[in-house]
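Undergrad: Have a look at this prediction, sequence included:
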Amino acid sequence: MKPARSGVIVTGASSGIGAVYADRLAARGHDLILIARRGERLDALATRLGSKYRSDVQTVVADLANDNDLTQVEALIARTANLGGVVNAAGLGALGLASSVDPEAVDSLIRVNVLALTRLSLAAARRFGAEGHGTIVNIGSIVALMPVAGAGAYSGSKAYVLNFTRALHAELAPAGVIVQAVMPGPVRTEFFGDAPAPFPDALFMTPETLVDTALRALDQGEAVCFPTLDDPGTWQTFEGARGQLVKAVMQSGQPAARYSRG
């Protein structure tokens with residue numbers, strides 16, 4: 001997200017990961033447009049950041065599950081002067097077994113985690129691709145790689161985020177646009193609400209540590225950031241295995257021999 005003083009739009013900015021991105025980007029000299037549903041929190045954050053960093057911080061109260069609100073944010077991406085980046089940090093969980101999870105909660109999850117992230121990323125891609133610079137950051141999760149009972153919609157949405165973001169990176173890198181997927185494990189935010197977290201406390205990372213790590217990865221040119229991964233070779237091994245599988249299923253259009261027996 002360069003140069004400093006360029007604007008950055010951050011969704012999900014009223015708390016957690018989005019709020020920390022707002023703080024860190026303001027500290028780096030960027031002006032901000034903060035998007036979230038909770039206006040009082042946004043205004044308090046904007047006041048603090050404006051005073052602390054002398055950044056121009058605007059707020060927009062929007063529910064990204066609402067089509068009209070989403071269209072409003074798309075328009076901001078298209079028309080904001082000197083826009084340098086978009087951080088899609090807004091996300092929902094809708095956790096629960098398929099037999100009991102609220103279908104309306106799953107619908108909202110898909111609208112925010114998938115549809116809103118896609119439309120805002122595409123709006124940024126159109127603009128940044130034409131201008132030859134810009135940064136898009138999408139927040140994924142390690143559950144993209146590990147389907148979890150009780151989190152089917154959430155893990156599915158994050159698998160989409162990973163594949164979609166990587167495809168955008170492949171398309172836009174030649175034009176000078178940076179696209180990064182951030183893939184954290186459990187983060188200490190309001191995500192689980194009042195429910196007990198299903199992970200040991202030692203696995204949790206603070207949002208401050210997550211964002212600081214992801215920004216260092218961005219500075220180092222990492223298009224996919226697993227903040228807790230010590231050995232990048234593990235990801236390369238995974239990618240190699242994926243490539244072998246893709247090659248194996250692309251040999252012909254004929255059914256495998258085991259399906260032809262009998």
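TA: That came through, no problem.
Undergrad: CA only for contacts and neighbour counts going forward, please
TA: OK.
Undergrad: which stretches of the stretch 1-150 of the chain have low pLDDT?
TA: Applying pLDDT under 70 to the stretch 1-150 of the chain flags the ranges 2-4.
Undergrad: switch to 90 and redo it
TA: 1-5, 93-96, 148 (pLDDT under 90).
Undergrad: All the helices of it, residue numbers only.
TA: 16-27, 39-53, 67-79, 103-109, 117-131 (DSSP state H, counting those that start in this stretch).
Undergrad: show me what contacts residue 133?
TA: By CA atoms under 8 Å, 6 or more residues apart in numbering, the contact list for residue 133 reads 84, 175-178.
Undergrad: Keep only those of those that are in strands.
TA: 84, 178 (DSSP state E).
Undergrad: Is it possible to mark the buried ones in the contacts of residue 133?
TA: For these, a burial check counting by 16 or more other CA atoms under 10 Å picks out 84, 175-178.
Undergrad: Just give the closest residue to residue 111, not the sequence neighbours.
TA: residue 65 (5.1 Å; CA to CA, 6 or more residues apart in numbering).
Undergrad: what's around that neighbour, how many residues?
TA: 17 (other CA atoms under 10 Å).
Undergrad: ok, back up a step: if we take the contacts of residue 133, which one ends up nearest to residue 113?
TA: residue 178 (20.2 Å; CA to CA).
Undergrad: For the closest one, which non-adjacent residue is closest in space?
TA: residue 135 (4.6 Å).
Undergrad: how close does residue 65 sit to residue 104?
TA: 11 Å (CA to CA, to the nearest Å).
Undergrad: Ignore what I typed, I meant residue 202.
TA: Separation of residue 202 from residue 104 (CA to CA): 32 Å.
Undergrad: Out of those two, name the residue with the larger neighbour count.
TA: Neighbour comparison, residue 202 and residue 104: the larger count goes to residue 104, with 10 against 7 (by other CA under 10 Å).
Undergrad: in the stretch 101-250 of the chain, which spans are strands?
TA: 135-139, 178-182, 224-225 (DSSP state E, counting those that start in this stretch).
Undergrad: Let me have those strands in JSON lines, adding distance to residue 20 as columns.
TA: Compiled in JSON lines, the strands of the stretch 101-250 of the chain are given as follows (distance: least, CA to CA, whole Å):
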{"stretch": "strand 135-139", "distance to residue 20": "13"}
{"stretch": "strand 178-182", "distance to residue 20": "14"}
{"stretch": "strand 224-225", "distance to residue 20": "17"}
